[in-house]
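Undergrad: using only what follows, build the 3D model:
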Amino acid sequence: MIDALTKAKQIVGNSVKLAELLGITSQAVGQWRRVPVARVLEIERLTEIPRHELRPDIYPPPDQK
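TA: Below you'll find the predicted structure:
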């Protein structure tokens, strides 16, 4: 199973492109083990991956509210 961060990178092309779109360095993205809370909504907008997939610990799936 592919994790949400890897999926986001694949959708935009790669980690360098994701960093470009976010206006940060690719080194910063390379250090992530999961999507930082402060970047969830922006990555959701860029990739259309729902926030509950990007960070289920912060945003529970709609059926669990």
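
Undergrad: make it CA atoms for all contacts and neighbour counts henceforth
TA: Noted.

Undergrad: in the protein, where is pLDDT below threshold?
TA: Residues of the chain meeting the criterion pLDDT under 70: 64-65.

Undergrad: going along the chain, name the strands of it.
TA: Ranges of strands in the chain, per DSSP state E: none exist.

Undergrad: the helices in it, which residues?
TA: Along the chain, counting by DSSP state H, helices occupy 4-12, 15-22, 26-31, 40-47, 51-54.

Undergrad: for the first one, buried residues please.
TA: Think helix 4-12. By 16 or more other CA atoms under 10 Å, the buried positions in helix 4-12 come out as 4-5, 8-9, 11-12.

Undergrad: let me know the closest of those to Ile58.
TA: Relative to Ile58, the closest of those is Ala4; by CA to CA it sits at 13.8 Å.

Undergrad: contacting residues for the closest one?
TA: Going by CA atoms under 8 Å, 6 or more residues apart in numbering, Ala4 touches 34, 49, 53-54.

Undergrad: which pair of these spans the longest distance?
TA: Arg34 and Ile49 (13.6 Å).

Undergrad: between these two, which has more neighbouring residues?
TA: Ile49 (18 against 14; other CA atoms under 10 Å).

Undergrad: on that earlier part again, tell me the most buried of the helices of the chain?
TA: Across the helices of the chain, averaging neighbours per residue (mean count of other CA atoms under 10 Å) puts helix 51-54 on top, at a mean of 20.

Undergrad: re earlier: reformat the buried residues of helix 4-12 as CSV; add distance to Tyr59.
TA: Listed next are the buried residues of helix 4-12 as CSV, based on distance: CA to CA, whole Å:
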residue, distance to Tyr59
Ala4, 13
Leu5, 15
Ala8, 17
Lys9, 20
Ile11, 21
Val12, 22
